[in-house]
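>>> can't give you the sequence, but here's the structure:
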């Protein structure tokens, strides 16, 4: 009788853990892809979160964490914002969906006033719109875009030196606090 109670309790724990895992997966707050070179190659001036229009097999592929946005960029064409050169490979089990072009341009969903403002700034100041992250938020695919200015080689070196100096200062302060 005691053994049966242990088995039932264990089964209940497993069931609760699986339900929690399902809820977390449905919520889906996780980063799929990041553009690590963006902060090195560009000076980030402003960021914006926007939605992305995908087909079913692309969503499944993103949920598996398969995407690359390192070489991608965004541009305004015909008063709509588009993401170019983002690579989302076809989902391996997409039989009924048909295959999609992994490097096709994808429409980004932003408010009209934000689009007009970014379009004006990008044109007048010769700025670039680049994606920083591709992620899921509340089960929906989102892209974090940045309005950025390209850095020259010397600027990159200065930015690295500044970041290293700040890191060294923070480390020294932590060591002083630790030993005080």
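That came in fine, so what should we check first? Only a predicted model underlies this, so the values are computations on that prediction, with no experimental measurement involved.
>>> from here on, contacts and neighbour counts on C-alpha atoms
Fine.
>>> Chain neighbours aside, what residue packs nearest to residue 131?
Spatial nearest neighbour of residue 131, chain neighbours left out: residue 145 (4.3 Å); criterion: Cα to Cα, 6 or more residues apart in numbering.
>>> Can you report how many residues lie near the one you found?
Close neighbours of residue 145, defined as other Cα atoms under 10 Å, add up to 22.
>>> so what secondary structure elements neighbour the host helix or strand of it?
Element membership for residue 145, per DSSP states H and E: strand 140-150. Counting by 3 or more Cα pairs under 8 Å, 6 or more residues apart in numbering; DSSP states H and E, the packing neighbours recorded for strand 140-150 are strand 42-52, strand 128-137.
>>> Pairing partners for the longest one, with directions?
Same thing as strand 42-52. In the sheet, strand 42-52 lines up against strand 106-109 (antiparallel), strand 140-150 (antiparallel) (DSSP bridges).
>>> right, and the helix or strand after it?
Using DSSP H and E, the helix or strand that directly follows strand 42-52 along the chain is helix 56-63.
>>> what angle do that following helix and strand 128-137 make?
Counting by axes from the mean of the first three to the mean of the last three Cα atoms, to 10 degrees, helix 56-63 lies at 80 degrees to strand 128-137.
>>> who touches helix 56-63?
Helix 56-63 has contacts (Cα atoms under 8 Å, 6 or more residues apart in numbering) with 32, 67, 88, 89, 90, 91, 92, 94, 97, 99, 100, 141.
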